[in-house]
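Asks: okay, sequence plus prediction incoming.
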Amino acid sequence: MKKRRIAILGSTGSIGRQALDVIRQHRDLFEVELLTANNSSRLLVEQAIEFEANNAVICNEDRYKEVSDALRPYFTKVFAGMQSVCDLVSGDGIDMVLTSMVGFSGLRSTVAAVTAGKAIALANKETLVAAGETVMSLAQRHNAPILPVDSEHSAIFQCLRSSPGATIEKIHLTASGGPFRTWTKEEIASATAAQALHHPKWSMGNKITIDSATMMNKGLEIIEARWLFDVDPDRINVVVHPQSVIHSMVEFADGAVMAQLGHPDMREPIQYALGYPERLTLDSRRLDFAGLGAMTFEAPDETRFPALALAREALKKGGNMPCIMNAANEVAVDAFLHGRIGFYGITDLVSRCMAAVDYVSRPDLDCIYLTDREAAAKAREILPEIA
Ligand code: MG
């Protein structure tokens, strides 16, 4: 593989750190061109030094001086603010952009990278949830390949490579079921943030771990799959698979089902995207089938986990509805993490915002940015009634 020059947007988060771990194992294959962080200035500095990054951006401008002073003895150039991320990500020196920022805030820089025709390793699913149609058509117009990093979508992408051009009959998105899979509705209703943050299988950031507990994560992933693979939503099936060994499956017209398996380790899909189309070595735990014994499957329970139905409804409505849902969910998850609402307050708030914010059937990007602000404001307004 020719040496690849990588930008990591959100390098201090969970995906960003795991991506750097992958790069640490393949220093001869990757060059770190750009690292960005919102607030974690200390870690950003450490990463820039270790990986000899050419550029670093701290989005919080108040921390610019601290980062800039710390990196003065090194050759990394330091910038501040989101606009710098958008400017640098389009630069000639970058081959591939890993979008691993959290939430809707990743949209602007992802659009900048796509418009510049960069290969995208997409870890920020909210980008496609809020603006899937627009982002995918921009990617097509500017020849920007989008490689999924989400483990389920990476699995689907890998399965599809077995049969180029074949029609997808069904996508089976697997879900671990999260920490409350076996809890009763009453038990779930009184769940705390600490309990929800204890994911049984995957090591991830706070936002996505709460989304996994509500199963909103799987709802967001249905929408992400719809756009990534251009497949009818009715053909996307969710199946709960607590062992999280099968990362997702594709069923073809002849009934054959392809699955991708592995230990739950985010470095695998990250590395697959960064090295695509090659497979690189990874020092990961290997599957032991005899030790595993059995794999089990069950249907998701939409009564205990209403987020799934909300996501299907948002996708069916289309337009700016998934963006409204996503914005309300971001506010709700933050409120839950801070103990301001109960667990089911999250889906209550999302559902109420979906009914209250103006619906637009064919939104352009400006409308999407506006919708995000309006829906977040509406969610904050309704929040006290739910608390
Ligand atoms: Mg996932």
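Replies: Okay, I see it.

Asks: which residue does the stretch 51-200 of the chain bring closest to the ion?
Replies: Asp150 (4.2 Å; CB to the ion). In this view, the C-beta of every residue, glycine as well, is placed from N, C-alpha and C.

Asks: so what does that residue have for phi and psi?
Replies: Asp150 adopts backbone torsions of phi -50, psi 130, taken as degrees, to the nearest 10.

Asks: now it: closest residue in space that isn't a chain neighbour?
Replies: Lys125 (5.6 Å; CB to CB, 6 or more residues apart in numbering).

Asks: ok now the longest helix along the chain, how far from the chain's centre?
Replies: What stands out as the longest helix in the chain, according to DSSP state H, is helix 365-386. Distance of helix 365-386 from the chain centroid (CA atoms, centre = their mean, to the nearest Å) equals 21 Å.

Asks: what residues does that helix touch?
Replies: Applying CB atoms under 8 Å, 6 or more residues apart in numbering, the contact partners of helix 365-386 are 104, 107-108, 111, 130-131, 134, 320, 323-324, 326-328, 330-332, 335, 340-341, 345, 348-349, 352-353, 356-358, 360, 363.

Asks: kindly report the same for stretch 154-166.
Replies: Taking CB under 8 Å, 6+ apart as the rule, stretch 154-166 contacts 147-148, 168, 171, 173, 225, 228-229, 246-250, 252-253, 258-260, 268-269, 272-273.

Asks: need the residues of the stretch 1-150 of the chain near the ion, please.
Replies: Asp150 (CB under 5 Å from the ion).

Asks: and Cys86, what does it touch?
Replies: Neighbours of Cys86 in contact, by CB under 8 Å, 6+ apart: 108-109, 112.

Asks: swap the cut-off to 10 Å and go again
Replies: Taking CB atoms under 10 Å, 6 or more residues apart in numbering, we find Cys86 in contact with 9, 57, 108-113, 115-116.

Asks: export those as JSON lines, with columns for pLDDT, secondary structure and neighbour count.
Replies: Formatted as JSON lines, these follow (pLDDT from 0 to 100; DSSP: H, G, I helix; E, B strand; the rest coil; neighbours: other CB atoms under 10 Å):
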{"residue": "Leu9", "pLDDT": "98", "secondary structure": "strand", "neighbour count": "29"}
{"residue": "Val57", "pLDDT": "98", "secondary structure": "strand", "neighbour count": "29"}
{"residue": "Arg108", "pLDDT": "96", "secondary structure": "helix", "neighbour count": "17"}
{"residue": "Ser109", "pLDDT": "96", "secondary structure": "helix", "neighbour count": "29"}
{"residue": "Thr110", "pLDDT": "97", "secondary structure": "helix", "neighbour count": "28"}
{"residue": "Val111", "pLDDT": "97", "secondary structure": "helix", "neighbour count": "20"}
{"residue": "Ala112", "pLDDT": "97", "secondary structure": "helix", "neighbour count": "20"}
{"residue": "Ala113", "pLDDT": "98", "secondary structure": "helix", "neighbour count": "27"}
{"residue": "Thr115", "pLDDT": "98", "secondary structure": "helix", "neighbour count": "16"}
{"residue": "Ala116", "pLDDT": "98", "secondary structure": "coil", "neighbour count": "16"}
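
Asks: contact partners for the residue of the stretch 51-200 of the chain closest to the ion?
Replies: 15, 122-125, 128, 156-157, 173, 208, 217, 220-221, 224-225, 228, 247-248, 266, 269, 273.

Asks: likewise Phe180?
Replies: 187-188, 191, 195-196, 200, 212-215, 304-305, 343.

Asks: of the residues you listed, grab the buried ones for PyMOL.
Replies: Here is the PyMOL command that picks out the buried ones among these, judged by 16 or more other CB atoms under 10 Å:
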select buried, resi 188+191+196+212+213+214+215+304+305+343
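
Asks: between the contacts of Phe180, which sits nearest Val45?
Replies: Ser212 (30.9 Å; CB to CB).

Asks: which of the three states applies to the closest one?
Replies: Using DSSP: H, G, I helix; E, B strand; the rest coil, the structure places Ser212 in helix.

Asks: with Asp230 instead?
Replies: coil.

Asks: which residue packs closest to it, ignoring adjacent ones?
Replies: Nearest one to Asp230, counting by CB to CB, 6+ apart, is Met136 at 7.7 Å.

Asks: quickly list what Ile246 is bridged to.
Replies: Beta bridges link Ile246 to Leu261, judged by DSSP bridges.

Asks: what sits against it?
Replies: Counting by CB under 10 Å, 6+ apart, Ile246 touches 152, 155, 172, 174, 239, 257, 259-262, 295, 297.

Asks: thinking again about what came up before, distance of the residue of the stretch 51-200 of the chain closest to the ion relative to Leu43?
Replies: Note on Asp150: its distance to Leu43, by CB to CB, to the nearest Å, is 23 Å.

Asks: could you tell me what pLDDT the model assigned to the residue of the chain positioned farthest from its centre?
Replies: Distance from the centre of the chain peaks at Pro73, with 34.7 Å (CA atoms, centre = their mean). Pro73 is assigned a predicted lDDT (pLDDT) of 97.
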